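Asks: Whatever this is, show me its structure:
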Amino acid sequence: MKYYTEDHEWVDVVGKEVTIGISEYAAEELGDITFVELPTEGDDYIIGDTIATIESVKAASDVYSPISGTVSAINDDLNDDPGMINKSAESKGWICKIKDFDSSELDDMMTEEAYSKFLRTLKK
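Replies: Predicted coordinates:
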């Protein structure tokens, strides 16, 4: 199941691991992405830590960890093709995977439906 934060990060829970990325909305707001600074496998993060930095033609933006845990994988494809986030923010453009996460932190996130409603409040 996928969850979202008000900062436009998403978390997709698959078994004992979560995949993290930024939403399509965030990717559109950033414009053409030119570089992604990825986290390091094995590093521990707590909710709110800067887990990645995304640079675009418009700005550099920090990606905050939406959940606490240990990085188990990074999306190396972003090193060669950071624009993958623009093309496929919520699938192929994922940033990292985290294991040993605190599932209780999901309670403070939005479902896809709630996130869609949240986005409508931003576009007014």
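
Asks: any idea which helix is longest in the chain?
Replies: helix 112-122 (DSSP state H).

Asks: Name the residues of that one that are buried.
Replies: For helix 112-122, the neighbour count (16 or more other Cβ atoms under 10 Å) marks Tyr115 as buried. The way it works is simple: take the backbone N, C-alpha and C, and place the C-beta from them, glycine included.

Asks: now the helices for the chain?
Replies: Under DSSP H, the chain gives helices at 24-30, 77-80, 84-88, 112-122.

Asks: will you turn those into a markdown table that also has mean pLDDT and distance to Tyr4?
Replies: Output for the helices of the chain, formatted as a markdown table (pLDDT from 0 to 100; distance: least, Cβ to Cβ, whole Å):
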| stretch | mean pLDDT | distance to Tyr4 |
| --- | --- | --- |
| helix 24-30 | 96 | 9 |
| helix 77-80 | 97 | 20 |
| helix 84-88 | 98 | 16 |
| helix 112-122 | 96 | 4 |
